Each structure stands twice: as C-alpha cells, then as structure tokens.
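# quick one: sequence plus predicted model below, questions after.
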Amino acid sequence: MADKQDVQPGTLALMILRTLEVLGPLHGYGVARRIEETSKQKLQLNYGTLYPALLKLEQEGFIKSAWRQSENNRRAKYYSLTAAGRKRLAQEAREWRRTADLIAAFLAPREEAP
Amino acid sequence: MRWVRLALARLRGLFADDRADQDLREELESHLELETAELMRRGVNAEAARRQALLASGGLTRAVEAVREQRGLPWIENAMADLRYGLRSLRRNPGFTAVVVFTLALGIGATTAIFSVVRGVLLKPLPHREGDRLVYLRQATDGLGGENLLFSVPEVRDLRTGAPAFAGIAEYSPWDAALQGEADVIGLHVGLVTGNFFEVMGLTPVLGRLTRASDDGPGVPPVMVLTHDFWIRRFGADSGIVGRRLLLNGQSVPVIGVLQPAPYFPDQVDGFLNMVFSPHHMSAQMIEGRTHRMTELIGRLAPGASLDEARTEVATIHARLKRGYPEAYDPGANYRIAVVPFKQAIGQRAQLTLGLLIGVAAFILVISAANVTSLTLMRGVRRGHELLVRTALGAGHGRLRRLLLVENFLLALVGALLGLGLAVGGLELLVRLVARYSPRASEIQLDRPVLWFTLGLSVAIALLLSFVASLPRGDSEGALVSAGPNRLTGTPRKQRLQRALVVAQIAVSVVLLAGAGLLTRTMMELSAVSTGLRTEEVLTIPVPLRDAAVATEKAADAAAKERFRRMADEIRGLPGVVDVGIGSSTPLTSSAFSALDVKVEGRALSTGQSVPRAESRTADPDYFRAAGIPLLQGREFTSADRYGSARVVIINQALAGQLFPGESPLDRRIAWTGDVLRFSPFSGEWRTIVGVVGDTHDGGLEAEPPATMYMPFAQELTYLGGLVIRADSNVSALAGAATRIVRDLAPGIPIENVLTVAQLKDRSVAPRRLNAVLVWSFGLLALIIAAVGIAGVLAFSVSTRTNEIGIRMSLGADPTRVQRMILGEGGALLLIGLGLGLPGALFAARAIQGLLFGVAPYDPATFGAVAVLMAAIGIAASWIPALRASRVDPVITMRAQ
C-alpha cells in the first residue's frame, strides 16, 4: 500500500481521454481498471475522484455518455470520445510530451559536462 | 468557449432534479457490481468481494457528494442548504435565538441611534460653503455676564479695517419683534444682520434673494429673510411668500427670500432683517458707543490665511484698542477675544452630552457583544458533538465554518433589523435631548451612511461570533466521537474566556449604573435647590412692552404704567388670586443686557479690582409678596416710592454680601455706573438702600443666584415688564383667564411663555431628567443582560460538572455545600467584575463631571448603592444554577455513565 499514490491534478483528464481513445467506448469501472493497470497498480482511483472528473469532461464536451448493455449483460454507462475530445487529447499529449522532455533534460545526470 | 459551456452545464446542474442523482447512483452501483463480479471471478466469495469493492470505492456518499459539487454551483447550493439548516436549528432553540437577537438588537439599536446623532451633529460637513473657513469671534471678560460680551460697532469697524486674514466679517445682532398676524400676535426672535452676512456664512436662498451690501445703512427700506423652519411652520412652505409684506413692530416689511436649511447660530431665530429695521441700531449711541456691545461676529478666513494669522491680527488690534481707549476696557476685567472655528463654536455645548451618549452606546455594544459571544461559545460546546458527527460524515472544515457564518449572519441581521426599529423609536428622544445643546439636531436622521454603518456592525459581529467558536480538529475526531456527547465540556481555555466575558459585563453594568445613579442624584439635588421663592403657586406672565416713546414722552410712560395697573387690577378680581405684582421682568428668568456696573457711596475701587455688577430690575410694592421673595431686612416698596420722591432701592442678599460684607446695607447709598449705563433706561443718581430681599435663581437652578438691584416700578421708565400672580391653590388654572386679560389690554404685544414657578423650575431640571432617564434605561438593560450572563455561565458550568457534582455528593457532600460551591463561583465573578467596574465608574464619572450638580463624582452613597444592587442581582442570578446543582441526583448521574 505504501507505494500507492494519488493522481496528480490535471493528469487524470488526460489519462481518461487516452484510455477512451485506445479502448473505445468504456464504462467507469473499465476506465478505472485500465488506469490502475497501466500504472502497475501504483495509482488508485476511488469513485470520488473518478466520477467528478468524468462529469467535468462531459460538461466540457470532450466525452459523451450513454447507457448500454455490458459484455456480461449488465447495464452500464459507457463513455466515448467526441471529436472535440480527440483534438483536445492530441493537443494535451503534445504539451505533456514537451514538458516531460524538458523536465527530463533538466533532471538528467550531468554527463555532458566537459 | 470551453468555460462558457462548463458554466452553462453547471448552471443547468444547479436546477438538476433527483433524476441526475438517481442516474449517478445507478452508475456507481453498476461499477460496484462490475468490480464485485470481477473479484468473484478471481475466486473471492460473494460477500467478501462486495465488501472489498465497497472499500475500494472510497465511500459512495462521498462520491455522490463530490459529483454533486462538480455538477452545479456548489457554493450556492451549500449556502441554501446552510440557510435552511441554520433557520431550522435556530427555530429549534427559540430561547437561545430570542436572547441573542434581543441582545444584539439592543446593542446595534443603541449604537445606530447614537451614531446617527454623532453623524448629524458632528461629522456631517456644514451646509455652509467652505464651512471650515468660518470662525466665530468672542469677546470676554472676567466677572458676571462676561463670558460673551459681544462687540460694539466701533470695535467691528476697527477689526474690519485691520485684519487682512479675514475675507469678510459679518455682523449679527439678536433682536425681538412682534409679528401681527390676522388673528394673533406672536413674538419673533430675529437676527439683525449686515448685507454681507449670508455671503460670509456661505448660505444660499431656496426662494428669492438674501440680504446684500445695498441693504446696509440708513435710508434703505427694511427687508426680511425667513428661516426655512419658520417659513414651513408659519407659512406652510408657501412658495408665493416672496414679496409679501409682514407687519413687524408696526412696520410693514417685505419678505425678500427664504434661507436654505442651516443650523441656527448664534441662536435660534425665525428670520433675518437688515439693521435699518431697528431704529436703535441706527442711533448714534449704537454706532458710536464703543461699549455698546450688541453684535455677534462671524468671519470668513481669506484664501490662504490661517487661523493662527487671524488670531494674531485680532490680538494685535485688540491690544491697540485697549491702549487707546482705557475707559472702554477696564484693566481689572481682563478683556480678550477668542477666534474659534465655527464648527467648534456650534458643537461646544453638545460636546459633553455627545460624549455621554457615545460612551453609553459603546458600553451597550460591548456588553451585548460579550453576552452574545458567551452564549455562542456555550452553544458551540453543546453542539460540539453535532459538529463532530457532521465532520465524520464528510462535511469539510470550511463547510462547517460556513454553516456557523450563515447562522450568525442570520442572527446578526435579524438583530440589526430589530435594532433599527429600536433606533427609529429612540431617535426622537435623542433628538429632543440633543436639540437643547446643538443647533444641528434637525440634521439627525437614519440616512444611508448610518444604514451602512449598521450593516457593517452586524457583519463584524457575525464574523466575531463565527470565529470565536473553535471547530473540531480532524485528528481528534475519532476519539471525540466515541467519547459521546456527555464528555464534551469545552476546554478550560474556553470556559476562561466565557468567565472573562461575564466579568466584563458586570464591570460595564457597574459603570453604567454608577453613571445613572450620579445623574439621578444630580436631578434630585437640582430639584431640591430652593428657587428663592417661598411658594410654587406663582404664575408669571412676561409682557414685552417695547415702546420707544416712553423714554421721551411723559404721557406714553404714564399710559404704559396705567396699562400694567389695570392688568393687575383685573387679574386681582379672578377667583383665588392672592397677590399680583408688577416688575420689569418675572422672577427665575434671566434677561439680556440687564447687568450694569455698581458703585458704593464713599468707597473708591482700588486699581485692578474689577467693578461689581448687578442685574437691574424694577418692582412694584406687591412684587415681592406676590413672587414669594422673602424680605430679610428693612422695608418693601410703598406707593410713595414714585417719580419725584427720594430714590430708593432694594438689593438682594447676594449683592448685599458682595458690597457690604459684615455690615448693614440699610440707608447706605449706591448708584449705577460705567460706560454702558448710557444705553440703559436708568440714571446714575445715588439711591438709598431701604431693604434687602432673598436671592432668586434667575440664571437657572445650577447657577449661583445673580446679584440684583430692584428699583421702584413707579420711579423708573416702563420698559419691558411682567406680571407675577400668586394664588391660594392651583395657580395654573388661572393661566388662561389671566393671559386673556393681558392680551386684551396689550394688543400687539406677544404674550407667550406664561409659566408657573414649578414649570420655570422644571426648565432647569428637565434636561437633567432626560440625561438620567437615558442612562438609567441603558443601565438597567445592562444589568439584565449581565444577570442573564451570570446565570448562563454558571448554569453551563453546572451542566458540564454534573458528573463531578454527582461524585462529590455520593462521597458525602451535602446539597448546601454544593450550592455554596456554585454560589462561590458566581461570587468570584461578581467580585472581580465589581473590582474592575468601580474604578472604571470613577473614571467615567470624572469624565461626565460637567453634567453633575451637587454631587461629587466619587459620591460614596451612589457607588455603595450601585455595588449593593449589582451584588444583589448577581447573587440572585447565581441562585438558580446553584439550586439546580444541589438537586443533582448522584444515582442518576452515575448511572448515565
């Protein structure tokens, strides 16, 4: 349990959008499982974090939702990416990559020193 | 665009119904089922899987709450919920709510009312253009009637030419006039002013025009400007008033304009006329007499000139005048001129009373805030468990604070509304009180700045109340919740704060009660002062006869005397009348310009000694008997004392003591003297003293009786006048009939202020009574609040110590001992409160010394009585909780554990 950590603010939206892009329409449980697995169980999402984030994305128009039958015949609410969401994801991902490269460069070991 | 969409969605969310919640619950439930199914597939049994899934969810309710916050505008929703909750919880505690609202209403009401007075009288800018550039000039000397001598026309001339620091100096001379209406005659108080008066004052007309330079000097027609107040009172704000002619003292005078509303200064007048209206003001003695001082001066500082420059210039001119005219400035009397800022001159008399009011309001505010804070603290401890449970159920710290804020805002605002009601009700009393001292009382109103002040005050109180209560801290939640409601006793620190608040309430009550006591003693002492008259069954009728002809025509004078004699004769015929006397003025009233210098035959003044002065009055043979003024030595006047016979006078005891200490004044000769005598109707001949009478408090009960010299009515010119009527009982019943007789015989003369001696006396006592009533009512309120405070804090202490008391009793302490313990607790608070309050009261008493009469500010009797009263109330208030403590049943208490 010690190495479990909370989701950093701002990053969750990106993870959700990416998950929906990769896996297609998915219910909340599926999104949570996928994020937890991708993080190798380091991230834990409780409902109080996940569902407000989903709602916010929906309010912003990046995702839409609909009730459907799940694979094992249960009713569940499925979220899917909208066109705006797709654009948003591309943009966010680009920014993140740039930021990550920058930070990585800064934190790199000082081997290039003469 | 994104935020617009977000905002719209959230706004929609605000009105989202239960369907959205239902939808969410279903979604969460499906999540749970999916997770449970997944776990079961991995081999966990159904029950354990469900529990594990729930645990991972982090709490469904919290999740719903979190989503809701994202959905709508949470702060509005929360505020509405808090409001509903606050209202409900206040309704559930009607006692608490009522006490808090009532206490706050008192505090806020008193403070609001008094703030509006202070604002109207002190803070509001003057209506005069650049009012802060105005100054009032006051010439004063030592001795009787010397505090404001006014100025003579030659003095004004000298000041005007030699002082460039003034842009202008305006003259104002108070004068009386009779206005002949269609059906009545009324006396007007008017100001005779120079043409530049309104220009200097910086006032404008609401109708017509004001006086100007062309209205100065002789040979111009008299004109009148009405004050705003008189225009409304007498003419019903008739907009066609300009150009109308009024019959004033027999002259037809046109109204040229109506002045804007402005504070009365130097005194309350009905209108202003140019100087030409009064033949006296055009006479040589007025214009050339250096000691003929009848004019008030108001100056406007020149642009760039400072008050100090003006003062220096005035002092230089005055010094030159004193050197140049030694006969006009008695070196022994210390002539001086003060240059006072106008605002200060206007506010001077109200200062003490305003100070008293501000002090009282501040105290009431402190005491009510202390009481409410203490109540809130107690309630906070009682509901501590409720707040804890709410925290445990997921309410954030901020949310709890908000809840308290909403509740306290509700309390403070309801309190403020009630307080405003109280302020409106009490304002009339305050305005009446202040009107006695300040010409600006009419400017007092509950206007917008005052309302802002009230709102600010309520918000401040609400904030204070919300932040004194401490909220449960997150880390101790668990332990506290499991401890249960009975273990919550509040920290010792908090109980200390509550006790300190109660002590403050006691101390403040003591200060207020001591003030009330001293003011009551003042009132009693003042009522006990003997007027100098033997009886109160005396009616006085001033008859302000102003016939300039009496001075020059013997026939006019004889006719005037005959008129007074007929009035007296006819009134004597009324049933119940015992005596009727005639004199130049009625007793217990002071008259302006009547003090004159006196000399004694065969006695020279040493240089530097100030000249003795006395009031000049005339009296007929019946005057002293009718007024009830006792004859102490010699004889009264007789009908033989008249024109042609030897000149005689009767002096009062004060003058006798001043002129002839330790010797008999009878048969000594004295005379009027001094420069001002020329302007009086009396001569400087030697007069033989034939009698000495008792003193009368003509200048008000609190003032020393003035030295007075009475001359025979029949031996002097008839100028002004008054009747004194004594009846065997119920003299006030005669007022109507007597007034009718006088009016019939003196048409054209305003007959007003027909008062009994008891009423005259009350004119001195009434303002003191108003002071005392005001401070008493606040003092008693403070006492009640303090009593509630003591009882409350002890009751609370008892309720938190029920266990301890139960244990003590089961160990053998008897009820009396427990009762004593609680009483002792109250007694300690009381002692500390008294210990702080009594010195505070001494301090406060010294501050209001100027309002006291006949009682020392440290009056031991008052202070003792206040201490006893406070102690009695305090002990009575402690008794109820003490009794409750002694009735604690140890068995029940112990079992409750």
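Arrived safely, thanks for sending.

# which helices and strands sit right next to the top helix by length along chain B?
Longest helix in chain B by number of residues (criterion: DSSP state H): helix B:757-800. Secondary-structure packing of helix B:757-800 (3 or more CB pairs under 8 Å, 6 or more residues apart in numbering or on different chains; DSSP states H and E): helix B:94-118, helix B:351-382, helix B:397-435, helix B:492-528, strand B:538-542, helix B:815-847, helix B:860-886. C-beta: built from backbone N, CA, C; applies to glycine.

# what's the angle between the shortest one and helix B:757-800?
Calculated by axes from the mean of the first three to the mean of the last three CA atoms, to 10 degrees, strand B:538-542 forms an angle of 110 degrees with helix B:757-800.

# cool, and the longest one?
Direction vectors for helix B:397-435 and helix B:757-800, defined by the same axes, to 10 degrees, enclose an angle of 160 degrees.

# what is the orientation angle of helix B:397-435 with helix B:351-382?
160 degrees.

# roughly how far apart are the residue nearest in space to the middle of chain A and residue B:70?
For chain A, residue A:15 is the residue whose C-alpha lies nearest the centre (CA atoms, centre = their mean; 1.3 Å). Distance from residue A:15 to residue B:70, counting by CB to CB, to the nearest Å: 17 Å.

# who in chain A is up against chain B?
Residues of chain A that fall close to chain B, judged by CB under 8 Å from any CB of the partner chain: A:27-30, A:32-33, A:44, A:46-49, A:51-52, A:55-56, A:59-61, A:70, A:72, A:74-77.

# how does it look with 6 Å?
Chain A has residues A:28-29, A:46-48, A:51-52, A:55-56, A:59-61, A:76-77 near chain B, with proximity defined as CB under 6 Å from any CB of the partner chain.

# mean confidence for the longest helix of chain B?
Per-residue pLDDT values over helix B:757-800 give a mean of 82.

# C-terminal to that helix, what's the next element?
Sequence-wise, the next helix or strand downstream of helix B:757-800 (DSSP states H and E) is helix B:802-810.

# so what secondary structure elements neighbour that next one?
For helix B:802-810, the elements it packs on are helix B:890-896, judged by 3 or more CB pairs under 6 Å, 6 or more residues apart in numbering or on different chains; DSSP states H and E.

# hmm, try it at 8 Å
Looks like helix B:802-810 contacts helix B:815-847, helix B:890-896 (3+ CB pairs under 8 Å, 6+ apart).

# mind checking those helices for the one nearest to residue B:178?
helix B:815-847 (44.6 Å; CB to CB).

# any stretches of chain A with poor pLDDT?
By pLDDT under 70, the low-scoring segments of chain A are A:1-7, A:9, A:110-114.

# what about the longest helix in chain A?
Chain A, longest helix under DSSP H: helix A:83-107.

# chain center to that one, what's the gap?
With CA atoms, centre = their mean, to the nearest Å as the basis, helix A:83-107 stands 13 Å off its chain's centre.

# ok, now stretch B:585-594?
Relative to its chain's centre, stretch B:585-594 lies at 27 Å (CA atoms, centre = their mean).

# quick one: name the residues of chain B near chain A.
Contact residues, chain B versus chain A (CB under 8 Å from any CB): B:2, B:5-6, B:9-10, B:13, B:23-24, B:26-28, B:30-31, B:33-35, B:37-38, B:56-60, B:62-63, B:65-67, B:69-71.

# narrow these to those in helices?
Among the residues of chain B next to chain A, DSSP H puts B:2, B:5-6, B:9-10, B:13, B:23-24, B:26-28, B:30-31, B:33-35, B:37-38, B:56-57, B:60, B:62-63, B:65-67, B:69-71 in helices.

# just to revisit the earlier point, now do the longest helix of chain B against helix B:860-886, angle only.
30 degrees.

# report the distance from helix B:757-800 to the chain centre.
Taking CA atoms, centre = their mean, the mean C-alpha location of helix B:757-800 is offset from the chain mean by 16 Å.

# same deal with stretch B:546-564?
Here the centre of stretch B:546-564 is set off from its chain's centre by 45 Å, with CA atoms, centre = their mean.

# ok, residue B:237 - contacts?
Going by CB atoms under 8 Å, 6 or more residues apart in numbering or on different chains, residue B:237 touches residue B:231.
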